[in-house]
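Predicted coordinates and the sequence they were generated for:
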Amino acid sequence: AEEATEEAGRMRERLLETQGREQEAQERLAEAREMRETAQGDSETNEASLNLLEQDLRATRAHAATHKQLSLDLFSTEAEKKGLCERYRERQISLGERRADAELRRNDQLERASFLEQSLIEGAERRGQLEGEVESARAELAAGEEAITVANDRIASAEAALSQLRQQAAAADSRLRTLLELKKNFEGVSEGVKALLAAEESLPGMLGVVANVLEVPSEYLDALEASLGEASAFVLVEDRAAIEPALGRLRSLESGRATLVDLSALTASPRIDGPQHAGVLGRASDLVKCDERFRPLVDRLLGTVFVVESREVAAELAHLSMGGMRFVSLDGEVWERGRVRAGSGKSTGGLLHREMEIRDLSGKLAELSLAIEGAAAEREQLDDARAQAIETRDQARWMLDETRTALESQVRELSGVERERGIALKDADDRVKEMETHDIELEALARSLAEAEAELASFQSELDAVRAQLAEADIEVKSKELARDEAAA
């Protein structure tokens, strides 16, 4: 384009030069006309020749002007063609840069999408881990709730059992207090026995009554209570020396009697063989437990008494046995040869019953106390277990909330990463389409540039030809001007 502009400038200078020369020629023509007018008469031949030269000069000048104008037009067209080619090249460079930028952005987006896809894979693994942790926390929470429920049930059961034990202990204690009060007040014995027992501390050698020293199994209690009868209230003394003060006490009473038994005077009684019968449960003295010091007394009182299964067996054996043997049924009916003592099957108000009940209740209270202590300790352990279960449940609930929050956050993050990956892939596709558009435009520009360069080359060839013709025209004009000047001279 610059060369075309410079060439156009040179052509304008040459045109101005030509116009100057034409102006000079006009001036000379005017001089020639003046000379012709002054020398009009010189020669008609020279005048005719001069006219011909002027006509030829004008024609030549017109031809030269036409070529100059054509040259200027060609210069202008060449400049336009060069400018078009230059614009095509600039557009190619711009599109190439834009395509390279689009390709770079596409690669960046593809790399970003690949990174995000890896993040999605890792996030999915983390989400699966969190889902497993959520399920584990839910299971722990359910287990905690179940443990609390079980602990509450066990506490309720333990509380009920403890309450029942305390009620039983209270009932047993109340009954024991009543029995002990009765025993303390010597209820169930004669006035004489009461007087001796009341003065026991001031009467040395007093050992209580027979019922106090015996231990009878509960299944034989009715039978042995009936067998002993009033003997259960016999007062025991250690020796002969203890009898005299006791007798003095009894003799001082206005009413009341008592039987005293001197343990030191008792010796082992000969054992008689009992009957061999399936219904005999055992010798009464063998069924009773006591200290060894009281064993002669027991043998004396119960050595000839046999406990049998039923009244019928007692009646049968009494009828068949020799005198001196007694047979007592489990319900307390006493038989001996030619004699029977019967009545109520129960004698719960007897001394032996009361003494055995006191012992049983004492043992039962001890057992209940231990059971209550154990139940209370178990209750505390259950409270601790429930507190631990509640703590575990709360920890599981907190862990569930934390894990669920983390899972929700992870899901949101994955969703965001998925959206970002989709945007990156879409942008990469858009850049591919942009590159394809640039490629198409670049191909079209390449064709247009090739065509424009070919056309420019053609114009440049035509311009060279015109330049040659213009040079020839300039030479011809100069030649004819010289001839005209010579003819004018």
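Done, it's in.

looking only at pLDDT, what's the mean for whichever strand or helix holds residue 375?
Assigned by DSSP states H and E, residue 375 falls within helix 351-488. Per-residue pLDDT values over helix 351-488 give a mean of 83.

Residue 283 and residue 310, how far apart?
Shown here: residue 283 relative to residue 310, a distance of 17 Å by C-beta to C-beta, to the nearest Å. All C-beta atoms are positioned from the backbone trio N, CA, C, and that covers glycine.

between the two, which one's more packed in?
Higher neighbour count among residue 283 and residue 310: residue 283, with 19 against 13, using other C-beta atoms under 10 Å.

For that one, give its distance to residue 325.
Between residue 283 and residue 325 the distance, using C-beta to C-beta, works out to 10 Å.

now residue 101
Look at residue 101 and residue 325: by C-beta to C-beta, they are 132 Å apart.

With neighbour numbers in mind, choose between those two.
Counting neighbours by other C-beta under 10 Å for residue 101 and for residue 325 shows that residue 325 has the greater number, 19 against 14.

Leaving out sequence neighbours, find the closest residue to that one.
Counting by C-beta to C-beta, 6 or more residues apart in numbering, the nearest residue to residue 325 once its immediate chain neighbours are dropped is residue 304, at 5.4 Å.

what does residue 362 give?
Counting by C-beta to C-beta, 6+ apart, the nearest residue to residue 362 once its immediate chain neighbours are dropped is residue 176, at 6.6 Å.

Confirm for me that residue 418 is in contact with residue 120.
Yes. With the criterion set as C-beta atoms under 8 Å, residue 418 and residue 120 qualify as a contacting pair; they are 6.4 Å apart.

and residue 328, helix, strand or coil?
Put simply, residue 328 is strand when judged by DSSP: H, G, I helix; E, B strand; the rest coil.

for the chain, what spans make up the helices?
Across the chain, reading from the start of the chain, the helices by DSSP state H fall at 2-38, 44-184, 191-198, 221-228, 240-251, 284-287, 295-302, 311-320, 351-488.

now for the ones you listed, which one comes closest to residue 258?
Residue 258 sits nearest to helix 191-198 of all the helices of the chain, at 3.5 Å, using C-beta to C-beta.

so what secondary structure elements neighbour the closest one?
Applying 3 or more C-beta pairs under 8 Å, 6 or more residues apart in numbering; DSSP states H and E, we find helix 191-198 packed against strand 206-209, strand 235-237, helix 240-251.

List the strands paired with the shortest one, with their directions.
Strands that pair with strand 235-237, judged by DSSP bridges, come out as strand 206-209 (antiparallel), strand 260-262 (parallel).

Check residue 248 and give its pLDDT.
According to the predicted model, the pLDDT of residue 248 comes to 87.

Run a quick neighbour tally on residue 463.
Taking other C-beta under 10 Å as the neighbour definition, residue 463 ends up with a count of 20.

With residue 157 instead?
Neighbours of residue 157 using other C-beta under 10 Å come to 11.

Make 59 the first number, not 1, from now on.
That works, and once the first residue is 59, the last one we named lands at residue 215.

Helix or strand with the lowest mean pLDDT in the protein?
Counting by mean pLDDT, DSSP states H and E, the chain has its least confident helix or strand at helix 60-96, which shows a mean of 76.

Can you spell out which helices and strands pack onto that helix?
Counting contacts by 3+ C-beta pairs under 8 Å, 6+ apart, helix 60-96 packs against helix 102-242, helix 409-546.

Out of those, flag the one nearest residue 265.
Using C-beta to C-beta, the helices and strands packed on helix 60-96 put helix 409-546 closest to residue 265, at 13.8 Å.

Now do that closest one against helix 249-256, angle only.
Using axes from the mean of the first three to the mean of the last three C-alpha atoms, to 10 degrees, one finds that helix 409-546 and helix 249-256 are set 50 degrees apart in direction.

Can you name every helix or strand that helix 409-546 contacts?
Helix 409-546 sits against helix 60-96, helix 102-242, helix 279-286, with contacts defined as 3+ C-beta pairs under 8 Å, 6+ apart.

now with 6 Å?
Contacts defined by 3 or more C-beta pairs under 6 Å, 6 or more residues apart in numbering; DSSP states H and E place helix 409-546 against helix 102-242, helix 279-286.

Ranking those helices by mean neighbour count, which comes first?
Per residue and on average, the most neighbours among those fall to helix 279-286, with a mean of 25 (mean count of other C-beta atoms under 10 Å).

Other residues contacting it?
274, 342, 363, 365, 386, 388, 390, 392, 405, 408, 410-411, 414 (C-beta atoms under 6 Å, 6 or more residues apart in numbering).

repeat for stretch 376-395
280-281, 284-285, 362-366, 368-369, 372-373, 375, 399-400, 403.

Near residue 484, how many other residues are there?
Residue 484 has 12 nearby residues by other C-beta under 10 Å.

now do residue 410
If you count neighbours by other C-beta under 10 Å, residue 410 ends up with 25.

who's in contact with it?
With contacts defined as C-beta under 6 Å, 6+ apart, residue 410 is in contact with 269, 283, 290.

next one: residue 270
For residue 270, the residues meeting the contact criterion (C-beta under 6 Å, 6+ apart) are residue 413.

ok, now how distant is it from residue 361?
For residue 270, the distance to residue 361 equals 20 Å [C-beta to C-beta].

Residue 88 too?
Relative to residue 361, residue 88 is positioned 198 Å away (C-beta to C-beta).

Of the two, which one has the most company?
Of the pair residue 88 and residue 361, residue 361 is the one with more neighbours under other C-beta under 10 Å, namely 18 against 10.

Ignoring the adjacent residues along the chain, who's closest to the more buried one?
Distances taken as C-beta to C-beta, 6+ apart place residue 343 nearest to residue 361, at 4.7 Å, with adjacent residues excluded.

before we move on, back to that, list just the nearest of the contacts of residue 410 to residue 431.
Compare each of these with residue 431 using C-beta to C-beta and the shortest gap goes to residue 269, at 31.9 Å.

contacting residues for that closest one?
Contacts for residue 269 (C-beta under 6 Å, 6+ apart) come out as 290, 409-410, 413.

so what's it closest to, chain neighbours aside?
residue 409 (3.7 Å).

Confirm for me that the residue nearest to residue 420 is in contact with residue 418.
No. With contact defined as C-beta atoms under 6 Å, residue 234 does not reach residue 418; the gap is 9.3 Å.
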